[in-house]
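Chemist: sequence below, structure please.
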Amino acid sequence: MHTESSCRGGAQAGLGLLLTAAFLVTAQSFAQAPAAASAAFATAPAASVTAAATPGSTPAASASTPPGLASTPPAPAAAPKTPAVGTDWQPAIHFYDPPYWINDPNGPILLDGQYHLFFQLNPFGDQWGHMSWGHAVSPDLVHWKHLPVALAEEKGVAIFSGSTVEDSGNTSGLCGGAGEKTPGCVVAIYTGASAEKQTQNLAYSRDGGTSWTKYAENPVLDLGLKDFRDPKVFWHEATGSWVMVVSLPVQHKLRIYRSKNLRQWELASEFGPAGAVAGVWECPDLFELPVFDIATKRAYVTAKQADSRWLLSVNVGKGGPAGGSADQYFVGRFDGYRFREDHPGSGPHWVDWGKDFYASTSFPNKTADSTTDLDRLWIAWMSNWQYAGKLPALPGRGEMTVARRLYFRQSPAYPALTPSQEPLVLVQQPILPGPAHKHYAALLGAPEFETIAQANARIAAGKKPSGAYRLRFNLDPGECSEAGIRVRRSSGKPGEAAAEETVVGIDTEYGRIFVDRTRSGKSDWSPDFPARVWAPLKHVQAGSIPIEIVVDRNSVEVFAEDGETVLSSLIYPAASSQGLSFYATVIPPGAAPARVLDVELVPLD
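Modeler: Got it, this is the predicted structure:
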């Protein structure tokens with residue numbers, strides 16, 4: 001990650017004056033039932049900086065709360081200490097905030113050509129607790145400048161997840177005088193979390209997010225519940241109203257509210273339970289996406305206009321496809337009042353099949369380069385509540401995925417559709433550093449298919465990768481039972497065994513792609529971390545599988561099948577482990593060998 005700090009010391013000192021309560025969570029409270037876990041909030045002196053950690057559950061008021069619990073997460077028995085200096089694992093292109101704890105991204109927004117990212121932050125340490133909104137800005141979603149804390153925990157009320165909107169028409173009356181146009185005025189809608197309950201609240205900034213004022217008449221929505229959080233708010237043009245989707249985590253339901261002024265809200269509908277319900281529901285999102293045709297890769301046109309659908313995303317605290325927390329989505333239509341799923345019962349549809357993608361939140365990307373009014377990006381927390389509080393320090397704990405552009409694709413994944421099947425596939429494309437509208441100049445390339453041995457010879461003769469890079473290629477596994485690539489290897493020689501490596505491969509017997517990080521580096525800090533995770537391929541019949549891998553110093557994000565199948569994984573290899581090689585299982589004489597095409601490796605840092 002490229003970062004630039006600004007006024008962090010002053011921000012921390014100021015927040016210390018505001019702090020009047022701290023979250024104190026014990027291992028015993030974690031073992032209790034969700035309702036009892038909410039009672040684990042306890043007050044502490046203002047000077048206290050005791051912080052709760054978050055491995056295996058979801059805090060009662062979290063922008064995301066760890067999986068098993070409906071409330072506050074436990075502190076691990078021996079959480080590793082943050083090192084005084086940097087480590088080999090500090091990300092080059094991913095956002096993090098050393099030396100602090102961060103989790104859910106909150107309210108990303110594009111204002112005057114600059115992206116603002118707010119996020120769950122503990123300004124006092126590297127474990128979960130004292131939740132506040134951190135703030136950073138970027139011109140490109142890669143190079144970040146840290147700013148002072150935007151919204152601080154205060155008077156026993158933590159600032160959990162939420163969203164931001166630009167109230168340029170001053171519908172709220174908080175941005176200026178009556179009838180005054182107020183471009184650049186930002187309103188934050190967030191969950192205020194106390195020991196007793198969670199409520200929805202407002203804060204506003206009249207200077208483009210630099211300084212913030214909490215609304216004097218908070219809360220604006222109070223059901224008296226201990227678990228009621230993570231409001232996502234947007235303007236619905238067709239009905240001329242603000243819409244909020246917010247979670248009832250333990251009930252596995254989402255509520256949709258409407259408002260004309262962001263201050264008074266009326267219930268419009270509910271959604272759920274549906275899909276995956278093993279864990280609490282958190283961090284919902286609802287937005288419209290264009291449907292692209294798989295053949296032309298352009299907007300799918302019906303009745304002389306581009307087709308579109310609405311995506312409803314909801315994160316689950318546990319029960320994900322790789323174990324632990326994950327993100328699922330539903331496809332349907334939204335009329336401003338109610339979301340109706342196109343194919344009920346067809347899910348769960350997983351956004352990301354890896355272990356480290358949670359609490360995603362989206363934002364419109366209306367720029368001069370946008371190809372559609374529905375251009376939409378999102379970003380997520382790259383971690384898992386199974387082990388988030390035990391992660392090796394960077395320093396600090398927690399980071400974000402790369403931002404991703406989203407759309408639906410009309411895919412021929414199913415030969416014969418039934419009413420219970422969802423024909424639209426979510427596509428995610430990584431936003432990476434590099435010149436706009438230009439092809440990357442690759443370090444190595446293969447214009448036509450070549451064998452595994454030929455590809456490895458090309459790698460051995462080329463410049464070795466280091467740090468962060470993007471790797472793209474097409475893989476035809478032939479008649480091999482397994483073929484793929486090994487990255488971040490402790491050996492630089494393709495044919496030599498390596499004690500340390502992360503494997504991305506195709507399993508032809510089961511028709512799936514996998515990421516194996518069982519020997520990816522340091523992993524002895526949690527039994528849930530070493531894993532081989534997989535995703536079913538949607539186009540098994542294809543002659544070759546396009547694969548794009550974004551490798552950073554401590555992560556691997558795989559975008560297969562042109563972004564239809566995605567797996568995100570943290571890794572903790574040695575800095576010297578920079579080897580790279582293709583591989584394939586042995587086949588009998590006469591069988592079709594594995595081949596690769598269009599190998600392209602581009603440095604990103």
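Chemist: got the CA coordinates for stretch 133-142 in PDB?
Modeler: Taking C-alpha atoms only, stretch 133-142 is exported to PDB below (Å, rounded to 0.1, in the frame of the first residue of the first chain):
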ATOM      1  CA  TRP A 133     -14.300   5.600  12.000                       C
ATOM      2  CA  GLY A 134     -10.900   6.000  10.500                       C
ATOM      3  CA  HIS A 135     -10.500   8.100   7.300                       C
ATOM      4  CA  ALA A 136      -8.200   8.100   4.300                       C
ATOM      5  CA  VAL A 137      -8.300   9.600   0.800                       C
ATOM      6  CA  SER A 138      -6.900   8.500  -2.500                       C
ATOM      7  CA  PRO A 139      -6.900   9.700  -6.200                       C
ATOM      8  CA  ASP A 140      -6.800   6.100  -7.500                       C
ATOM      9  CA  LEU A 141      -7.800   3.600  -4.700                       C
ATOM     10  CA  VAL A 142      -4.100   2.500  -4.400                       C
END
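Chemist: buried sites along it?
Modeler: Of all the residues in stretch 133-142, those buried under the rule 16 or more other CB atoms under 10 Å are Trp133, Gly134, His135, Ala136, Val137, Ser138, Leu141, Val142. All C-beta spots, glycine's among them, are computed from the backbone N, C-alpha and C.
Chemist: out of these, who's nearest Ala268?
Modeler: Using CB to CB, Trp133 is the member of the buried residues of stretch 133-142 that sits closest to Ala268, with 27.0 Å.
Chemist: from what I see, that closest one and Glu154 are in contact.
Modeler: No: counting by CB atoms under 8 Å, Trp133 sits too far from Glu154 to count as a contact (11.7 Å).
Chemist: mind giving me the packing neighbours of the longest strand along the chain?
Modeler: The strand spanning the most residues in the chain, taking DSSP state E as the definition, is strand 281-293. Of the remaining helices and strands, those touching strand 281-293 by 3 or more CB pairs under 8 Å, 6 or more residues apart in numbering; DSSP states H and E are strand 229-236, strand 241-248, strand 253-259, strand 308-316, strand 358-364, strand 376-381, strand 404-410, strand 424-430.
Chemist: mean neighbour count, those strands: which tops it?
Modeler: Per residue and on average, the most neighbours among those fall to strand 358-364, with a mean of 26 (mean count of other CB atoms under 10 Å).
Chemist: I'd like to know which elements that one is packed against.
Modeler: Checking 3+ CB pairs under 8 Å, 6+ apart, strand 358-364 ends up next to strand 101-111, strand 158-166, strand 281-293, strand 308-316, strand 326-334, strand 376-381.
Chemist: same thing but 6 Å
Modeler: Other elements packing on strand 358-364 under the criterion 3 or more CB pairs under 6 Å, 6 or more residues apart in numbering; DSSP states H and E are strand 101-111, strand 281-293, strand 376-381.
Chemist: how is the protein carved up into domains?
Modeler: Using automatic domain parsing, the domains assigned to the chain come out as 101-429, 442-603.
Chemist: how distant is the last one from the center of its chain?
Modeler: The reference is to domain 442-603. Here domain 442-603 shows a centroid-to-chain-centroid distance of 22 Å under the convention CA atoms, centre = their mean, to the nearest Å.
Chemist: and for the longest one?
Modeler: When C-alpha coordinates are averaged (CA atoms, centre = their mean), domain 101-429 and its chain have centres 10 Å apart.
Chemist: distance between the ends of that domain?
Modeler: Distance across domain 101-429, first residue to last, is 27 Å (CA to CA, to the nearest Å).
Chemist: what's the helix or strand for the closest residue in space to Trp534 that isn't next to it in sequence?
Modeler: For Trp534, ignoring the flanking residues on the chain, the nearest one in space by CB to CB, 6 or more residues apart in numbering is Phe514 at 3.9 Å. Under the criterion DSSP states H and E, the helix or strand holding Phe514 is strand 512-516.
Chemist: packing partners of whichever helix or strand comes after that strand?
Modeler: Once the chain leaves strand 512-516, the next helix or strand it forms, by DSSP H and E, is strand 532-536. On a contact count with 3+ CB pairs under 6 Å, 6+ apart, strand 532-536 meets strand 512-516.
Chemist: packing partners of the strand it packs on?
Modeler: Counting contacts by 3+ CB pairs under 6 Å, 6+ apart, strand 512-516 is packed against strand 502-507, strand 532-536.
Chemist: can you say which of the ones you listed is nearest to Ile549?
Modeler: Comparison of these against Ile549 by CB to CB identifies strand 502-507 as nearest, at 6.0 Å.
Chemist: isn't Gly319 up against Val277?
Modeler: No: applying CB atoms under 6 Å as the test, Gly319 and Val277 come out as separate, 7.6 Å apart.
Chemist: report how many residues lie close to Glu237.
Modeler: The number of residues packed near Glu237 is 8, by other CB atoms under 10 Å.
Chemist: list the contacts of Asp97.
Modeler: For Asp97, the contact set (CB atoms under 6 Å, 6 or more residues apart in numbering) comprises Gly134, Gly396.
Chemist: what values do phi and psi take at it?
Modeler: For Asp97, the backbone dihedrals are phi -140, psi 70 (criterion: degrees, to the nearest 10).
Chemist: with Ala461 instead?
Modeler: The phi and psi values for Ala461, taken as degrees, to the nearest 10, are phi -80, psi -10.
Chemist: now it: how far from Ala455?
Modeler: For Ala461, the distance to Ala455 equals 11 Å [CB to CB, to the nearest Å].
Chemist: these two: which is more packed in?
Modeler: The residue with the greater number of neighbours, taking Ala461 and Ala455 and applying other CB under 10 Å, is Ala455; the counts read 24 against 8.
Chemist: within the helices and strands, which one has that one?
Modeler: Taking DSSP H and E as the criterion, Ala455 maps to helix 452-461.
Chemist: alpha carbons of that helix, as CSV, please.
Modeler: This file holds the C-alpha atoms of helix 452-461, laid out as CSV (Å, rounded to 0.1, in the frame of the first residue of the first chain):
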residue,chain,number,x,y,z
ILE,A,452,4.5,-26.4,-18.7
ALA,A,453,8.3,-27.0,-19.3
GLN,A,454,8.4,-24.3,-21.9
ALA,A,455,6.6,-21.8,-19.7
ASN,A,456,8.9,-22.5,-16.8
ALA,A,457,11.9,-22.0,-19.0
ARG,A,458,10.6,-18.6,-20.1
ILE,A,459,10.1,-17.7,-16.4
ALA,A,460,13.6,-18.9,-15.5
ALA,A,461,15.1,-16.8,-18.3
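Chemist: strand 502-507 and whatever helix or strand comes next after that helix, what's the angle between them?
Modeler: Tracing the chain past helix 452-461, the next element assigned as helix or strand by DSSP H and E is strand 469-476. Between the axis of strand 469-476 and that of strand 502-507 there is an angle of 20 degrees, by axes from the mean of the first three to the mean of the last three CA atoms, to 10 degrees.
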